[in-house]
Structure formats: C-alpha cells, structure tokens
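Visitor: what shape does this take:
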Amino acid sequence: FFEGFFLPMFRKFVEPPADDAEGRKIYQHFQGKKRMFEFQFQGRLKQLPEGTLWLTIEIDMPVKIGRIKRALFQGVLNFLTLTHRGIHYSFGDDLSKKSENDVRAGNYEKLHMSFALECSLSRLVISRPDDKDLPKLGEDIPESRDNVKIRKAGEPGSFQGWNTESIYTMSIWSAYIDFYSVR
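Guide: A predicted model of the protein is given here:
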C-alpha cells in the first residue's frame, strides 16, 4: 500500500555517548520541544486508496463503561465530531449479544476512535516525484503553521487528496505518550 521510509524517534533524557552519532542527532532533534516521540514517513502510495485513510486507535478487549460515564463520553465525542472534521468512533459491540462463534471469529466491532489521516498528521509535505529537494527524515518537516492549522481543520482546498505519483513526507508526534514508560 505504501513504499518508502519510516523513522521512529523517541525522546531520551540522557545525552547519548559521543560515539553514538545517530542517537545524538535524535537527542538534539528533541531539544526545546515537548514531544515524547515522533514518527516520520516518506514515500509514495502504491495504489490509490478508496475513500478516507484513517489513523485508528483500537482496543482489543471490551471495556465496561457505566451508563453515566458512557453518556459523558458520548457527549464529549459528539461535540468533537461536530467541531473537528474527520473523527469517527464506536464503543464497540456488546459481546453478550453476539454468538460464541462470532466472538471466536472476531466478527464484532471493537472499541475504537479514528481520525482522517490528513487532518491528524503533525506535519505533511507533498512533493512532486521529480523534486530533488525532499525534506530530510530526522529533521523538522517544513510545513508552515498556517498550513497545519488549515489542513487540520479540514478546510476546503487544504488537502488536494492522495495520489500514487507524489512523494509524501509525514510526521506524527505527541507530548503525552511516553513509550518508555508504558508497560
């Protein structure tokens, strides 16, 4: 579906030794930023997607949520879908209402939240295939603050759509997810 390069970078709080050039470069990349991780991708689509490309968080095991919490979550999520383009969510199917065969076969909807990829990326640069000056992975991906704001809001014309010719340089990061401390 996609061919290219992927660079995962994780914040370290201790500077790597002098002989670790790549580690020091990543350490420097995070200086002055609140990011805990950054994933960078560069490449092209091998086939044109049908519809929206989604970034999805899915929970494998059913989560029991009481009626009051569910109503509160439902209200917050409904508000988010009204104020942000490209958000989809589901609390998943009630497994007690599914047959044992369906559960064993995985024929049920899991709890998930999905975001349209073009609206959820931290940075997105689209280059022509013959462009000799592609953004370099491991460095800041150069998209203006105004472009980011317009693209994330899903304003008409802010994203020209996916194609199989362009080179996409993308990144996603967060200051709130620390992969080193997740157990």
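
Visitor: okay, the host helix or strand of residue 44 in CSV with CA atoms only?
Guide: Using DSSP states H and E, residue 44 sits within strand 37-45. Output of strand 37-45 as CSV, limited to C-alpha atoms (Å, rounded to 0.1, in the frame of the first residue of the first chain):
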residue,chain,number,x,y,z
PHE,A,37,8.1,10.6,20.3
GLU,A,38,8.0,11.4,16.6
PHE,A,39,7.3,9.0,13.7
GLN,A,40,8.4,10.3,10.3
PHE,A,41,7.4,8.6,7.0
GLN,A,42,8.5,9.4,3.4
GLY,A,43,7.4,7.6,0.3
ARG,A,44,4.5,7.2,-2.1
LEU,A,45,1.3,5.2,-2.2
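
Visitor: packing partners for that strand?
Guide: Strand 37-45 is packed against strand 2-10, strand 167-174, with contacts defined by 3 or more C-beta pairs under 8 Å, 6 or more residues apart in numbering; DSSP states H and E. From N, CA and C alone the C-beta is placed, and that goes for glycine too.

Visitor: in JSON lines: the ones you listed, plus mean neighbour count.
Guide: Converted to JSON lines, the helices and strands packed on strand 37-45 look like this (neighbours: other C-beta atoms under 10 Å):
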{"stretch": "strand 2-10", "mean neighbour count": "13"}
{"stretch": "strand 167-174", "mean neighbour count": "19"}
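
Visitor: just so I know, which of those strands lies nearest residue 74?
Guide: strand 167-174 (24.4 Å; C-beta to C-beta).

Visitor: mean confidence score for that closest one?
Guide: On average, the pLDDT along strand 167-174 is 94.

Visitor: swap in stretch 29-42?
Guide: On average, stretch 29-42 scores 93.

Visitor: name the residues of it that are buried.
Guide: The neighbour-count check on stretch 29-42 (16 or more other C-beta atoms under 10 Å) flags 29, 30, 35, 36, 37, 38, 39, 40, 41, 42 as buried.

Visitor: what's the farthest-apart pair in these?
Guide: 36 and 42 (21.5 Å).

Visitor: low-confidence bits of this protein, can you list those?
Guide: 62, 83-84, 182-183 (pLDDT under 70).

Visitor: grab the most central residue of it for me.
Guide: With distances taken as C-alpha atoms, centre = their mean, the residue of the chain nearest its centroid is residue 55 (5.0 Å).

Visitor: hmm, it is touching residue 113, no?
Guide: No: under the criterion of C-beta atoms under 8 Å, residue 55 makes no contact with residue 113, lying 9.5 Å away.
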